[in-house]
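Visitor: structure, please.
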Amino acid sequence: MAAPYTGRCVCGAVTATIKGEPLAVAQCWCRQCQKLAGGAATVNARFDLGDVEITGELASYGYTAASGNAYTQMFCPSCGNPVMAKTSGRPNARTFRLGFLDEGHGLKPTISIWLSEAPDWAVVDPAIDQHQEQPPIPPPAD
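Guide: Got it, this is the predicted structure:
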């Protein structure tokens, strides 16, 4: 499937419409993501902020990620469903958990990051790009 992508939280109070294609789709094995996912990696799609429209109220929690970036998780205050995140390292983007997006989106990871923190039982597709930590942020487009 191609854009637009839509998503909603479990209770339906927060919805999203994303009119552009993802900048990246990543599997993240950092310890913070493992905690958020209940033990495994998170799988996330990063979109340009200008392509994102959110309806509904969001709550948030911020922390400093292992990368050193300020990271803010945003979630539905009613059902607790993770909705999106923002990072100081990529201020013009928002990251959505693939599970928040509606069925049929067709997105899958093309990169796996923070493998240095992955448990020994982690399974990573050998066909995707792999990084032991956070990959470098690409330079701004001219």
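
Visitor: alpha carbons only for contacts and neighbour counts from here, please
Guide: Will do.

Visitor: contacting residues around the spatially closest residue to residue 82 that is not a sequence neighbour?
Guide: Excluding the flanking residues, the one nearest residue 82 by Cα to Cα, 6 or more residues apart in numbering is residue 75, at 4.3 Å. Going by Cα atoms under 8 Å, 6 or more residues apart in numbering, residue 75 touches 58-60, 81-84.

Visitor: now do residue 64
Guide: Neighbours of residue 64 in contact, by Cα under 8 Å, 6+ apart: 70-71.

Visitor: show me what it is bridged to.
Guide: Under DSSP bridges, the beta-bridge partners of residue 64 are residue 70.

Visitor: check what pLDDT it gets.
Guide: Per-residue pLDDT puts residue 64 at 90.

Visitor: likewise residue 138?
Guide: 62.

Visitor: same check, this time on the one 3 residues further on
Guide: As summarised for this prediction, residue 141 has a pLDDT of 57.

Visitor: the residue nearest to residue 82 and residue 59, how far apart?
Guide: Look at residue 75 and residue 59: by Cα to Cα, to the nearest Å, they are 5 Å apart.

Visitor: do the same with residue 134
Guide: Between residue 134 and residue 59 the distance is 26 Å, computed by Cα to Cα.

Visitor: who has more neighbours, those two?
Guide: Neighbour count, other Cα atoms under 10 Å: between residue 134 and residue 59, residue 134 has more, with 16 against 13.

Visitor: the strands in this structure, which residues?
Guide: In the chain, the strands defined using DSSP state E lie at 5-8, 15-18, 24-28, 42-48, 52-55, 59-64, 70-75, 82-87, 93-97, 111-113, 129-130.

Visitor: mind putting these into TSV with distance to residue 36?
Guide: Converted to TSV, these look like this (distance: least, Cα to Cα, whole Å):
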stretch	distance to residue 36
strand 5-8	18
strand 15-18	20
strand 24-28	11
strand 42-48	8
strand 52-55	22
strand 59-64	12
strand 70-75	10
strand 82-87	9
strand 93-97	11
strand 111-113	15
strand 129-130	21
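
Visitor: who touches residue 6 in this structure?
Guide: 15-18, 101-102.

Visitor: if it is in a bridge, with which residues?
Guide: residue 17.

Visitor: can you find the helix or strand of this structure with the lowest average pLDDT?
Guide: Ranking every helix and strand in the chain by mean pLDDT, DSSP states H and E puts helix 31-36 at the bottom, with a mean of 88.

Visitor: that's all I had, so thanks and see you.
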